[in-house]
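> below is the sequence, then the predicted model.
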Amino acid sequence: MSTTPVIDVDRLNLTYGDFHAVKDLSFQVRRGELYALLGTNGAGKTSTLEIIEGHRAPTSGTVRVLGHSPRDRRAVRPDMGVMLQESGFSPDLTVRESVRLIGRLTRRTDDVDRVLDLVDLTGRAGRRVSQLSGGEKRRLDFATAVYGTPQVLFLDEPTTGLDIQSRDALWATVDRIREDGTTIVLTTHYLEEAQQRADRIGLMHQGTLHREGTVSELTRALPAVIRFSLAASAPRPPLQAVVDGDGKALVETFHLQKDLHLLLGWAQDHAVELPDLEAGPTRLDDVFRTLGNASHRGN
Ligand SMILES: Nc1ncnc2c1ncn2[C@@H]1O[C@H](COP(=O)(O)OP(=O)(O)OP(=O)(O)O)[C@@H](O)[C@H]1O
């Protein structure tokens, strides 16, 4: 397997006027990886992706995709599938015509029926784009990325607006595509999708890569959590618990198994009920919360 990264971003900077949106950003994506670029609102993800996709020139720094500058459209475009947040298909074209157009625009070749089947739009092939539901439009956007089986896929919020069945179907298709060694860059605000699927995560905040690693590398630094409710009349639990006014208790621990065992043993011995008991490792959401900053509007 080649060790040359498929995407190589080196000390990338982007300014809009005097606003420094991307600051000395460096990261690499390896062949076959699913890399999730996540971050707070306004962190600079879209700006970074626009540069990697060749839509925008950086202020300084270098980007290589499959060894080429992304501005070298002829060299890179056929190997790069991009699913934008809005593809902007003409509302008057049919779905089949739109998919055929993707081939012409991207200079990739594929079988239109295969692509329609892949994105589950065979039954809508003759329908005009203007008549599609939001979820069907999103699947047509997905067709833009997968047409011609490119080596690198960029999926920008791919499941926004999809119901759970369509979401599962999209991820099943992505899983199949990944078996061929396709490299994927994902952005999403659905953190559980990134948590389940990403090989590595780059966490952007205020223009820089705040943290990077596998999900377990990112969450390991934070304590696991035990939550339960406690009646006002209950004795004091054996652990350092923060209990709010409604009797909801929270324990943070780096020794989850041992402390859970202690808590359950204590509850058994004292005949204490622990309604709403939950225990588990820190989730990616919690890593995000540690970024907490005044400019974060939550999403
Ligand atoms: N064309 C522009 N002119 C000026 N400022 C811009 C422009 N585009 C983006 N910005 C600013 O640059 C910063 C980064 O924006 P960007 O869209 O890259 O963030 P993002 O991480 O994709 O955010 P979100 O999760 O909210 O979509 C933001 O503060 C934004 O307001």
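Yes, it's here.
> where do the strands sit along this protein?
7-16, 19-29, 34-39, 60-65, 80-83, 152-156, 183-187, 200-205, 208-213, 224-229, 242-243, 248-253, 278-280 (DSSP state E).
> residues in contact with the longest one: which ones?
With contacts defined as C-beta atoms under 8 Å, 6 or more residues apart in numbering, strand 19-29 is touched by 5-15, 35, 44, 47-48, 51, 58, 61, 183, 185, 202, 204, 206-209, 212. (C-beta placed from N, C-alpha, C; glycine too.)
> strands paired with that strand, and their directions?
strand 7-16 (antiparallel) (DSSP bridges).
> with the third one instead?
Looking at strand 34-39 with DSSP bridges, its paired strands and their directions are strand 183-187 (parallel), strand 200-205 (parallel).
> wait, which of those strands is closest to V112?
Shortest distance between V112 and these, using C-beta to C-beta, is found for strand 183-187: 23.0 Å.
> give the buried residues for the closest one.
Buried residues in strand 183-187, counted by 16 or more other C-beta atoms under 10 Å: 183-187.
> run through the bridge partners of L186.
With DSSP bridges as the rule, L186 is bridged to A36, L155.
> now do the contacts for it.
Under the criterion of C-beta under 8 Å, 6+ apart, the contact list for L186 reads 34-37, 155, 158, 193-194, 197-198.
> adding distance to the ligand, write the residues you listed out as TSV.
Converted to TSV, the contacts of L186 look like this (distance: C-beta to the nearest ligand atom, whole Å):
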residue	distance to the ligand
L34	19
Y35	15
A36	13
L37	9
L155	14
P158	14
E193	15
A194	13
R197	19
A198	17
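> who wins on neighbours among the residues you listed?
Neighbour tally across those (other C-beta atoms under 10 Å): the maximum, 28 neighbours, falls on L37.
> which residue ranges form the helices in the stretch 51-200 of the chain?
Secondary structure of the stretch 51-200 of the chain (DSSP state H, counting those that start in this stretch): helices at 73-76, 95-106, 112-118, 134-146, 164-178, 191-197.
> a markdown table for those helices, including mean pLDDT?
Formatted as a markdown table, the helices of the stretch 51-200 of the chain follow (pLDDT from 0 to 100):
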| stretch | mean pLDDT |
| --- | --- |
| helix 73-76 | 88 |
| helix 95-106 | 93 |
| helix 112-118 | 96 |
| helix 134-146 | 91 |
| helix 164-178 | 90 |
| helix 191-197 | 90 |
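> please identify the most buried of those helices.
Greatest average neighbour count among the helices of the stretch 51-200 of the chain goes to helix 134-146 (a mean of 22), per mean count of other C-beta atoms under 10 Å.
> contacts for it?
Under the criterion C-beta under 8 Å, 6+ apart, residues 81-84, 86-87, 89, 95, 98-99, 102, 106, 115-116, 118-121, 124, 129, 132, 153-155, 158-163, 166, 170, 173, 177 lie in contact with helix 134-146.
> let's see that with 6 Å instead.
With C-beta atoms under 6 Å, 6 or more residues apart in numbering as the test, helix 134-146 has contacts from 81-83, 87, 99, 102, 115, 118-119, 121, 124, 153, 161-162, 166.
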